[in-house]
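> Make a model of this:
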Amino acid sequence: MLGYHIRNKALPTILANMAIIVLALVASTVALAQRVSLDRVIAIVDEDVILQSELENRIMLTVDQFRATNQPLPGEEELREQLLEALILENLQLQMANRMSIRFDDDTLNRVLANIAEQNNMNFDEYVASLETQGRYRATRDQVRRELSLRELQRAVVNQRISITDQEIENFLNSEMGRSAMAADYLVDHMLVPVAANDRNGVQEAKLAYASELVASVEQGAEFVSTRLQAQQEGRFQVTGTNFGWRRLEQIPSLFGEIVPTMQVGDVAGPIRAGNGFHIITLSDMRGGTNRIVNQTHLRHIMVTPNEIRDEEQSVVLLENLRDQILQGEDFATLARQNSEDASSVVAGGDLDWVNEGGMPQEMEAVANALEIGELSHPFQTNTGWHIMEVLGRREQDLSQEYSRMQAENALRGRKYELELQNWLIEIREGAFVELID
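Sure, this is the predicted structure:
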């Protein structure tokens, strides 16, 4: 009986504990149900879904951006509808990007984050620490990855849909808009040795000679601005100066309008006589424009790559043997066809044709620049393999016409891009299966 009574006394406690456990389970189930309801599926998009949490996060970010820039917010329902539609389009594009194997590795993401950090006056580690403190590091990396994928997909797909005809290029180049868009910008610096109306001939001649000394000093390597400052400090004659800033040719004073287009960056011109004195100008920099004189090198090479049968040392020995054969009179092209592993040039006997300056790997360009015409290099390595190379010729080539047409095509493509992008987005949206779940 005693044991019976003890068990009965313990029963209420056991039942109470069980009740607590049940209540806790119920509470956790309710909480779980609440969490699930907060992160429920709100849209089915082809083979993927959009969650409630995605939309809420996008709304929060958008509201923060509007407030940070003091822009008026649209109504809550309108904002929600617009952002849900944006998420649907993003989802469709990301599915396409995934099917096309458009992906970005961690190194690429880190470079983008480093650029963002620099724009915010932070180094990479400081920016990452800031994001981690806010609990946004993972989300920020994911967002950068999404944006890179979207941009690459759009560029690849939309550019294929845009066609530019030769007639469109000609019309653009001959139009006022085209001439304005293709015009160069010049950065011109200037100094003036003034001449007064009452200066006698001897004084004017002395000032002309002094201006000529300043020009000679710059031509011999002195820095233009330093020369001007030194002249002002010496005080032999008054010297003034003006940096015109970036200007189109029609915005440059007419006195220099015919001179500037004939100058190369770093050139100095003067003394230029005018009513107010002797002017000296330098072309500090230039951007845009269509004048393109390019240094080109005619090259041929033989390339071999180490493999399971031939290691690095054996590859170098093979090239040394081929080099000796060529020096002894064997035909370069024949040996290249028999031995080179560069698929793009093997049929041509290793001939790379005329290559623009900057158009080859840095290691190869360094070797080419050090070779005389007709000289055969020793084996050297690039990231594609081991090479021997011969320089067949050098020249300057005027590519201005090709460059201007390329620039015109890019300008026309840019004008058509946004419209074609919107047309494509409408097409993929209309062709997708989208079910909104209320």
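> quick one, helices of the stretch 1-150 of the chain?
2-38, 52-68, 76-99, 106-119, 124-133, 137-161 (DSSP state H, counting those that start in this stretch).
> Of all these, which one comes closest to Q220?
Among the helices of the stretch 1-150 of the chain, helix 106-119 comes nearest to Q220, with 38.5 Å by CB to CB. No exception for glycine: its C-beta is placed from N, CA and C like everyone else's.
> Which strands or helices does the closest one pack on?
helix 124-133, helix 137-161 (3 or more CB pairs under 8 Å, 6 or more residues apart in numbering; DSSP states H and E).
> in the first one, what counts as buried?
Neighbour-count burial for helix 124-133, counted by 16 or more other CB atoms under 10 Å, picks out 127-128, 131.
> of these, closest to M360?
Y127 (35.7 Å).
> so what's that closest one up against?
113-114, 116-117, 120 (CB atoms under 8 Å, 6 or more residues apart in numbering).
> could I get the helices of the stretch 1-150 of the chain as CSV with mean pLDDT and distance to T242?
Converted to CSV, the helices of the stretch 1-150 of the chain look like this (pLDDT from 0 to 100; distance: least, CB to CB, whole Å):
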stretch, mean pLDDT, distance to T242
helix 2-38, 37, 65
helix 52-68, 89, 40
helix 76-99, 93, 50
helix 106-119, 91, 32
helix 124-133, 91, 41
helix 137-161, 92, 42
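> between those helices, which gets nearest to R337?
helix 137-161 (35.5 Å).
> quick one: that closest one to helix 52-68, angle?
90 degrees (axes from the mean of the first three to the mean of the last three CA atoms, to 10 degrees).
> Give me the contacts around helix 137-161.
Residues from elsewhere that reach helix 137-161 (CB under 8 Å, 6+ apart): 57, 90, 93-94, 96-97, 100, 102-104, 108-109, 112-113, 128, 131, 413, 417, 420-421, 423-424.
> cool, and stretch 431-438?
40-46, 84, 88, 92.
> in the stretch 201-350 of the chain, which ranges drop under the pLDDT threshold?
290 (pLDDT under 70).
> the strands in it, which residues?
240-248, 268-274, 277-288, 293-304 (DSSP state E, counting those that start in this stretch).
> Turn those into CSV, columns for distance to L352 and mean neighbour count.
Formatted as CSV, the strands of the stretch 201-350 of the chain follow (distance: least, CB to CB, whole Å; neighbours: other CB atoms under 10 Å):
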stretch, distance to L352, mean neighbour count
strand 240-248, 38, 14
strand 268-274, 38, 18
strand 277-288, 30, 20
strand 293-304, 4, 20
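> For those, could you give me JSON lines that also reports distance to F332?
Formatted as JSON lines, these follow (distance: least, CB to CB, whole Å):
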{"stretch": "strand 240-248", "distance to F332": "49"}
{"stretch": "strand 268-274", "distance to F332": "46"}
{"stretch": "strand 277-288", "distance to F332": "40"}
{"stretch": "strand 293-304", "distance to F332": "6"}
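> just to revisit the earlier point, kindly state which of the helices of the stretch 1-150 of the chain is positioned closest to L192.
Judging the helices of the stretch 1-150 of the chain by CB to CB, what sits closest to L192 is helix 106-119, at 39.7 Å.
> Now tell me what touches that closest one from outside.
123-124, 126-128, 140-141, 144-145, 148.
> Which of the residues you listed sits closest to A211?
N123 (48.2 Å).
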